[in-house]
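In: just coords:
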């Protein structure tokens, strides 16, 4: 039975591979095999990568950071790649609202030819570990 977690020497190599651009678990396992390094199970590796990714993210994203990210995502890369169509800041008294609209070029083209359109958005707000819904 495999031990929980990755040994520290394997973690080091996995981090170097990931930072070097090899991000898919199957590709990382193939590289570990090629380097003759102890191979973890697929689920161990996937869990390690998921945990590492969540630990690297900041706990709070500022409005400025969100606006910068939206600006960076305004370029259309392919027909099915999402991009930011528009952003809007709205100030009402003490409240500041930031809205952004995302779509894909293909969906926008289909919407332009449609007779009717139904839109739906589902979101979950997680703020510093507390789940708040409006």
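Out: Here it is on my side, so go on. Keep in mind that this is a model prediction, so the values were computed, not measured.

In: which helix runs longest in this structure?
Out: Scanning the chain for the helix with the most residues, using DSSP state H, yields helix 42-56.

In: what mean pLDDT does stretch 67-74 get?
Out: Throughout stretch 67-74, pLDDT has a mean value of 89.

In: could you pull out the buried residues of that stretch?
Out: Neighbour-count burial for stretch 67-74 flags 70, 73 (criterion: 16 or more other C-beta atoms under 10 Å). Where you see a C-beta, it was placed from the backbone N, CA and C, and this is true even at glycine.

In: quick one: contacts of it?
Out: 82-84, 87, 89, 98, 100, 102 (C-beta atoms under 8 Å, 6 or more residues apart in numbering).

In: quick one: residue 81 from residue 87, how far?
Out: According to C-beta to C-beta, to the nearest Å, residue 81 and residue 87 sit 18 Å apart.

In: which one of those two is surrounded by more residues?
Out: residue 87 (16 against 12; other C-beta atoms under 10 Å).

In: in which helix or strand would I find that one?
Out: strand 83-92 (DSSP states H and E).

In: again, but for residue 33
Out: Using DSSP H and E, residue 33 falls in helix 25-34.

In: helices or strands next to that helix in the packing?
Out: Applying 3 or more C-beta pairs under 8 Å, 6 or more residues apart in numbering; DSSP states H and E, one finds that helix 25-34 contacts helix 8-19, helix 42-56.

In: which residues touch that helix?
Out: Against helix 25-34 from outside (C-beta under 8 Å, 6+ apart): 10, 13-14, 17-18, 22, 38-40, 42, 45-46, 49.
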